[in-house]
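S.K.: okay, sequence plus prediction incoming.
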Amino acid sequence: MPTLTIQRMRPDDAARTRAIRLRALEEAPDAFGTTLAEDLARPPDAWRTRLESADAATYVAVLDGLDIGMATGASYEWVEGSAGLFGMWVAPEARQIGAGGQLVDAVVAWARAAGFPRILLDVGDENPPAIALYASRGFEPTGVTSSLPPPRDHVTEHQRRLAL
Ligand SMILES: CC(C)(COP(=O)(O)OP(=O)(O)OC[C@H]1O[C@@H](n2cnc3c(N)ncnc32)[C@H](O)[C@@H]1OP(=O)(O)O)[C@@H](O)C(=O)NCCC(=O)NCCS
C-alpha cells in the first residue's frame, strides 16, 4: 500500500523545494506564472528566504519517500485581504491518486488558520485536470479572466474562489 504524506517546507528544505519547483516548471511550463529560466535565475538564498516568511506556506506531497507534488499558499496580492493558492503540481507518475486534493486541503487549512476570508487562484481555461481538482474542492469561477505574460499570452486563465 503506497504511503502519501503532505509536509510543510521549512527554511532547511530550500534545496528540496527548489528541486521540485524546477521539475514542475520543466514538465508543465504553461501552468505557472514564472518560467523555468526565471526560477533558475533566482539566487539560492531566495528559496530559503521565501520559506522563512510567516506569510506563506509551501507544502510538498511525498509518496513512498519521494517528493512528487507541491503547492503554496500566500497572499493573493491583486485582491486585498485574500489568500492565494499557487504553484500546484503533481508529478505525472503520481497523478489521480489524491495528492493534488490533499495539497489543496493543506493550503486551504493554512489560509483558514491564518484568518483569510477567501482563497483565490488562477487556472488555465484549457486545463481540465486542474479545473476538475479545484471544482472538486468547491472553488467556483469569479468571472475574472487573464492571460500569462508575453510571450505566453496565448494561455488564457480564469480566477476561482473558495469562501473560507
Ligand atoms: C492538476 C493536478 C495538480 C491534479 O493533481 P492530481 O494529484 O492528479 O489530483 P487528484 O488525484 O487529487 O484529483 C483531484 C480531483 O480532480 C480530478 N481529476 C484530477 N485529474 C483529472 C483528470 N485528468 N481528468 C478528470 N478529473 C481529474 C479527480 O478525479 C479528483 O476528483 P474527486 O476529488 O471528485 O475524485 C495535476 O494534474 C498536475 O500537476 N497538472 C500539471 C500542473 C498543473 O496544471 N497545475 C495546476 C496549475 S493552476
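M.R.: Alright, I've got the coordinates. Please read these numbers as outputs of a predicted model, since none were measured by experiment.

S.K.: what does this structure have sitting close to the ligand?
M.R.: 28, 31, 88-90, 95-101, 123, 127-130, 132-133, 136 (Cβ under 6 Å from any ligand atom). Where you see a C-beta, it was placed from the backbone N, CA and C, and this is true even at glycine.

S.K.: now the buried members of those residues.
M.R.: The neighbour-count test (16 or more other Cβ atoms under 10 Å) marks 28, 31, 88-90, 99-101, 123, 127, 130, 133 as buried among the residues of the chain next to the ligand.

S.K.: so which of the residues of the chain next to the ligand sit within helices?
M.R.: Among these, the members falling in helices (DSSP state H) are 99-101, 128-130, 132-133, 136.

S.K.: in the protein, which segments are predicted with low confidence?
M.R.: Within the chain, no stretch has pLDDT under 70.

S.K.: helices of the protein, start to end?
M.R.: Using DSSP H, helices in the chain cover 14-27, 36-40, 44-52, 99-113, 128-136.

S.K.: longest strand in this protein, please.
M.R.: Using DSSP state E to define each element, the chain has its longest strand at strand 66-75.

S.K.: and for the residue nearest to Glu27 when sequence neighbours are not counted, the neighbour number?
M.R.: Nearest residue to Glu27, sequence neighbours excluded (Cβ to Cβ, 6 or more residues apart in numbering): Pro92, at 6.8 Å. Counted with other Cβ atoms under 10 Å, residues neighbouring Pro92 total 9.
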